[in-house]
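>>> quick one: sequence plus predicted model below, questions after.
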Amino acid sequence: LGCGDLIQEGWINLDCVELPGVDVVHDLNKYPYPFKDNQFDEVMAKDVLEHLNDVVQAMEEIYRIMRPGSSLFIEVPFWNSWRTVSDPTHKRGFNEIIWEFFDPDKERCKLRPYYTKARFHIIRIDYYIEPFGPHFSIFGKWIRNRWIKNILNKFRTLLNFIVSPFIFKSHMLQMINNIL
């Protein structure tokens with residue numbers, strides 16, 4: 001979804017602009033999406049959701065077009081990233097908590113099941129860190145160390161306030177598995 005010029009061979013490439021390699025031209029703010037129910041085994045939304053008017057409605061539409069047991073790959077700018085505010089078409093930034101409203105195993109989804117009917121299991125969350133934003137990103141890397149991830153998860157709220165002036169989390173890659 002929203003492939004832009006990153007055309008994926010073997011995929012149905014959708015964008016709102018008719019670019020070379022785009023298979024389907026469609027505005028993702030318009031519903032329904034031009035796909036059948038349960039059509040896809042995998043959906044990729046890389047740098048897309050931050051451009052949309054209604055994230056919940058988009059997630060419900062993505063849920064509709066995915067087969068049960070399929071995978072959704074999401075990449076979005078973190079709320080405190082320089083990337084969130086540097087693009088005038090971005091409508092919002094994200095944090096890791098927002099996805100918990102879609103995961104039936106998480107407390108937020110259990111407390112507010114009426115927010116959405118879309119249900120996904122969170123499989124993995126990764127952070128791409130760029131110290132000092134676009135001016136110095138040589139140390140940017142995917143955090144794969146489980147120990148560091150556990151620390152980030154346990155102290156994420158505290159770290160957001162303490163670390164955010166010094167390190168900008170640029171993107172969050174989220175792998176979610178669709179369920180019925």
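Okay, I see it.

>>> could you use CA atoms for every contact and neighbour count after this?
Fine.

>>> any idea where the helices of this protein begin and end?
55-65, 82-86, 107-111, 146-154, 156-163 (DSSP state H).

>>> those: lowest mean pLDDT?
Of all the helices of the chain, the minimum mean pLDDT falls on helix 156-163 (a mean of 52).

>>> relative to residue 59, how far out is the residue nearest to residue 47 when sequence neighbours are not counted?
The spatial neighbour of residue 47 that comes closest, neighbours along the chain excluded (C-alpha to C-alpha, 6 or more residues apart in numbering), is residue 76 at 5.1 Å. Residue 76 sits at a distance of 13 Å from residue 59 (criterion: C-alpha to C-alpha, to the nearest Å).

>>> tell me what the residue nearest the centre of the chain is bridged to.
Closest to where the C-alpha atoms of the chain average out (C-alpha atoms, centre = their mean) is residue 74, at 3.3 Å. When assigned by DSSP bridges, residue 74 has beta-bridge partners residue 45, residue 174.

>>> these two touch, right, it and residue 45?
Yes: with contact defined as C-alpha atoms under 8 Å, residue 74 reaches residue 45; the gap is 4.9 Å.

>>> tell me how far the residue nearest to residue 47 lies from residue 99.
In terms of C-alpha to C-alpha, residue 76 sits 12 Å off from residue 99.

>>> go on, residue 89?
22 Å.

>>> same check on residue 107?
For residue 107, the distance to residue 99 - C-alpha to C-alpha - is 11 Å.

>>> ok, the two, which is more surrounded?
Between residue 107 and residue 99, counted using other C-alpha atoms under 10 Å, the more crowded position is residue 99 (19 against 12).

>>> leaving out chain neighbours, which residue sits closest to the more buried one?
residue 122 (7.6 Å).

>>> is the one you found bridged to anything, and to what?
With DSSP bridges as the rule, residue 122 is bridged to residue 176.
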